[in-house]
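Trainee: Turn this into a structure:
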Amino acid sequence: MKKHILLLCKLIAAIIMLQTLFFKFSGAQESIDLFTKVAGTSEAIVRIGTGVLELFAAIFLFTPKKTWIGALLTISLMLGAIFSHFTTIGIIHNDDGGLLFFMAFTTLLCGIILLFTHLDEIPFINK
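Mentor: Numbering: from 1, shown residues only. Next up is the predicted model:
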(Lines give C-alpha, C1' and ligand atoms only; values in the text may rest on other atoms or scores of the structure.)
Protein backbone atom coordinates (compact mmCIF):
# COMPACT_ATOMS: atom_id res chain seq x y z
CA MET A 1 0.00 0.00 0.00
CA LYS A 2 2.77 2.46 0.99
CA LYS A 3 4.57 1.71 -2.28
CA HIS A 4 1.44 2.60 -4.28
CA ILE A 5 0.87 5.85 -2.40
CA LEU A 6 4.49 6.90 -2.98
CA LEU A 7 4.21 6.06 -6.68
CA LEU A 8 1.01 8.11 -6.85
CA CYS A 9 2.78 11.05 -5.17
CA LYS A 10 5.63 10.82 -7.68
CA LEU A 11 3.20 10.66 -10.60
CA ILE A 12 1.08 13.57 -9.40
CA ALA A 13 4.09 15.82 -8.75
CA ALA A 14 5.83 14.90 -12.00
CA ILE A 15 2.72 15.25 -14.16
CA ILE A 16 1.88 18.66 -12.72
CA MET A 17 5.44 19.93 -13.17
CA LEU A 18 5.95 18.39 -16.61
CA GLN A 19 2.64 19.55 -18.08
CA THR A 20 3.63 23.18 -17.47
CA LEU A 21 6.95 22.82 -19.30
CA PHE A 22 5.40 23.24 -22.74
CA PHE A 23 4.09 26.67 -21.75
CA LYS A 24 7.36 27.71 -20.10
CA PHE A 25 9.66 26.52 -22.88
CA SER A 26 7.49 27.57 -25.82
CA GLY A 27 7.05 31.08 -24.52
CA ALA A 28 3.28 30.87 -24.33
CA GLN A 29 1.82 34.30 -23.63
CA GLU A 30 0.10 33.13 -20.41
CA SER A 31 3.45 31.94 -19.07
CA ILE A 32 5.23 35.14 -20.12
CA ASP A 33 2.55 37.26 -18.44
CA LEU A 34 2.75 35.23 -15.22
CA PHE A 35 6.54 35.33 -14.99
CA THR A 36 6.66 39.02 -15.93
CA LYS A 37 4.42 39.67 -12.94
CA VAL A 38 6.79 37.67 -10.72
CA ALA A 39 10.22 38.48 -12.17
CA GLY A 40 9.82 41.67 -14.19
CA THR A 41 12.51 42.14 -16.82
CA SER A 42 14.15 38.82 -15.85
CA GLU A 43 11.03 36.97 -16.95
CA ALA A 44 12.65 34.74 -19.60
CA ILE A 45 15.54 33.67 -17.36
CA VAL A 46 13.26 32.87 -14.42
CA ARG A 47 10.66 31.15 -16.64
CA ILE A 48 13.19 28.93 -18.44
CA GLY A 49 15.22 28.34 -15.26
CA THR A 50 12.14 27.27 -13.37
CA GLY A 51 11.22 24.92 -16.20
CA VAL A 52 14.68 23.33 -16.21
CA LEU A 53 14.58 22.85 -12.43
CA GLU A 54 11.10 21.32 -12.63
CA LEU A 55 12.32 18.94 -15.33
CA PHE A 56 15.25 17.86 -13.14
CA ALA A 57 12.94 17.49 -10.14
CA ALA A 58 10.59 15.20 -12.10
CA ILE A 59 13.49 13.07 -13.34
CA PHE A 60 15.01 12.73 -9.87
CA LEU A 61 11.65 11.70 -8.39
CA PHE A 62 11.92 8.49 -10.43
CA THR A 63 15.67 7.96 -10.00
CA PRO A 64 16.45 5.26 -7.41
CA LYS A 65 18.37 6.58 -4.39
CA LYS A 66 17.92 10.16 -5.71
CA THR A 67 14.21 10.59 -5.05
CA TRP A 68 15.10 12.81 -2.10
CA ILE A 69 16.79 15.27 -4.49
CA GLY A 70 13.66 15.42 -6.63
CA ALA A 71 11.51 15.85 -3.54
CA LEU A 72 13.73 18.63 -2.17
CA LEU A 73 13.71 20.42 -5.53
CA THR A 74 9.95 19.99 -5.78
CA ILE A 75 9.41 21.41 -2.29
CA SER A 76 11.69 24.38 -2.98
CA LEU A 77 10.05 25.19 -6.31
CA MET A 78 6.53 24.88 -4.96
CA LEU A 79 7.30 27.00 -1.89
CA GLY A 80 8.51 29.66 -4.33
CA ALA A 81 5.35 29.31 -6.40
CA ILE A 82 3.09 29.49 -3.35
CA PHE A 83 5.01 32.49 -2.01
CA SER A 84 4.53 34.19 -5.39
CA HIS A 85 0.81 33.46 -5.26
CA PHE A 86 0.54 35.07 -1.82
CA THR A 87 2.68 38.10 -2.62
CA THR A 88 2.37 38.87 -6.34
CA ILE A 89 0.13 36.66 -8.44
CA GLY A 90 -2.84 36.16 -6.15
CA ILE A 91 -4.57 32.89 -5.35
CA ILE A 92 -6.77 33.27 -8.42
CA HIS A 93 -4.85 34.08 -11.60
CA ASN A 94 -6.54 34.85 -14.93
CA ASP A 95 -9.91 33.65 -13.61
CA ASP A 96 -8.55 30.12 -13.05
CA GLY A 97 -10.50 29.70 -9.81
CA GLY A 98 -7.25 29.07 -7.93
CA LEU A 99 -6.23 26.08 -10.07
CA LEU A 100 -2.54 27.08 -10.36
CA PHE A 101 -2.36 27.65 -6.60
CA PHE A 102 -4.09 24.32 -5.91
CA MET A 103 -1.67 22.49 -8.23
CA ALA A 104 1.33 24.10 -6.52
CA PHE A 105 -0.04 23.17 -3.10
CA THR A 106 -0.79 19.59 -4.17
CA THR A 107 2.70 19.23 -5.65
CA LEU A 108 4.20 20.63 -2.44
CA LEU A 109 2.34 18.05 -0.35
CA CYS A 110 3.54 15.25 -2.61
CA GLY A 111 7.11 16.53 -2.34
CA ILE A 112 6.91 16.64 1.47
CA ILE A 113 5.55 13.09 1.66
CA LEU A 114 8.29 11.84 -0.67
CA LEU A 115 11.07 13.64 1.18
CA PHE A 116 10.04 12.28 4.56
CA THR A 117 9.72 8.74 3.25
CA HIS A 118 13.18 8.92 1.61
CA LEU A 119 15.14 10.56 4.43
CA ASP A 120 17.26 7.42 4.77
CA GLU A 121 18.68 8.05 1.26
CA ILE A 122 20.12 11.48 2.13
CA PRO A 123 23.87 10.95 2.59
CA PHE A 124 24.57 13.81 5.00
CA ILE A 125 21.59 12.95 7.22
CA ASN A 126 21.93 9.17 7.15
CA LYS A 127 25.46 9.10 8.61
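
Trainee: I would like the residues contacting the host helix or strand of residue 8, please.
Mentor: Assigned by DSSP states H and E, residue 8 belongs to helix 2-19. For helix 2-19, the surrounding residues in contact (CB atoms under 8 Å, 6 or more residues apart in numbering) are 54-55, 57-58, 61-62, 67, 70, 74, 77, 103, 106-107, 110-111, 113-114, 117. Just so you know, the C-beta spots here come from the backbone N, C-alpha and C atoms, and that holds for glycine as well.

Trainee: next one: stretch 79-93
Mentor: So stretch 79-93 is contacted by 34, 37, 38, 50, 98, 100, 101, 104, 105, 108 (CB under 8 Å, 6+ apart).

Trainee: Looking at the residues you listed, which are in helices?
Mentor: Using DSSP state H, 34, 37, 38, 50, 100, 101, 104, 105, 108 are the members of those that sit in helices.

Trainee: Filter those down to just the buried residues.
Mentor: 34, 38, 50, 100, 101, 104, 105, 108 (16 or more other CB atoms under 10 Å).

Trainee: Residue 45 and residue 51, how far apart?
Mentor: Separation of residue 45 from residue 51 (CB to CB, to the nearest Å) stands at 11 Å.
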